[in-house]
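Engineer: Give me a model of this one.
(2 chains)
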Amino acid sequence: KNQVEQSPQSLIILEGKNCTLQCNYTVSPFSNLRWYKQDTGRGPVSLTIMTFSENTKSNGRYTATLDADTKQSSLHITASQLSDSASYICVVSGRPGGSYIPTFGRGTSLIVHP
Amino acid sequence: SAVISQKPSRDICQRGTSLTIQCQVDSQVTMMFWYRQQPGQSLTLIATANQGSEATYESGFVIDKFPISRPNLTFSTLTVSNMSPEDSSIYLCSVEGGGSRSYTFGSGTRLTVV
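Structural biologist: All right, here's what the predicted structure looks like:
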């Protein structure tokens, strides 16, 4: 069964600090992995997308890494801001090419305090 | 990437009634997806809506409860029928981003059934 597990479930940090969110998956065959940011009451917004051959991708203060051998990914947030408070969702797709149905993690709820 | 306009953004409904959620995309897309996100949970796919054919429902979701329309390549509706408090969730539509391989989501509809 395809699964995506995220940790921690929730995280509280102070503004300006860095943090790292984890994602482990069992989706096979693997096509791509995406990280989304979901503000409360809003739809998810794409941060990064990585395929099998990519092991790092940056988007501003967000850097995602991927280890396809161990089926792990991380999302590192640098110099956190209050606006980073949101849920971060790891999404893995397993069917290469064309349209496919992704598997969603439950998300990590990040709270950034001033 | 595509821009999706989803409405209503929120509603409070009486049990036994129905609510229709609309999603309008600013470009033509082949497939649209409808998701449900219950509190503290990940996104669960309800169905895939293809233009000109019946929607494809995932296990646990049936057409009588969640009828879907897809009259053209830029528009879709999801109806939540005969609602009960257990239907209280966020409902999201999504389209695949073609060459970007990413999914774009609507802003979501927060439904509360009382």
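
Engineer: All the strands of chain B, in order from the start?
Structural biologist: With strands called from DSSP state E, chain B shows them at B:4-7, B:10-13, B:19-25, B:31-37, B:43-50, B:56-57, B:68-72, B:75-80, B:89-96, B:103-105, B:109-113.

Engineer: How about chain A?
Structural biologist: In chain A, strands defined by DSSP E lie at A:4-7, A:10-14, A:19-25, A:32-38, A:45-51, A:56-59, A:62-67, A:72-77, A:86-93, A:102-104, A:108-113, listed in chain order.

Engineer: now the fourth one, how far from the chain's geometric center?
Structural biologist: Centroid separation between strand A:32-38 and its chain, computed with C-alpha atoms, centre = their mean, to the nearest Å, is 5 Å.

Engineer: mind listing what it pairs with, with the direction of each?
Structural biologist: Using DSSP bridges, the strands paired with strand A:32-38 are strand A:45-51 (antiparallel), strand A:86-93 (antiparallel).

Engineer: can you check the last one too?
Structural biologist: Using DSSP bridges, the neighbouring strands of strand A:108-113 in the sheet come out as strand A:10-14 (parallel), strand A:86-93 (antiparallel).

Engineer: interface residues of chain A facing chain B?
Structural biologist: A:4, A:32, A:34, A:36, A:41-46, A:49, A:51, A:89, A:91, A:99, A:101-102, A:104-107 (C-beta under 8 Å from any C-beta of the partner chain). Backbone N, C-alpha and C define where each C-beta goes, glycine included.

Engineer: are any of those buried, and which?
Structural biologist: For those, a burial check counting by 16 or more other C-beta atoms under 10 Å in any protein chain shown picks out A:4, A:32, A:34, A:36, A:42-44, A:46, A:49, A:89, A:91, A:102, A:104-107.

Engineer: Show me the two of those that sit farthest apart.
Structural biologist: A:32 and A:42 (22.9 Å; C-beta to C-beta).

Engineer: quick one: low-confidence ranges for chain B?
Structural biologist: B:97-101 (pLDDT under 70).
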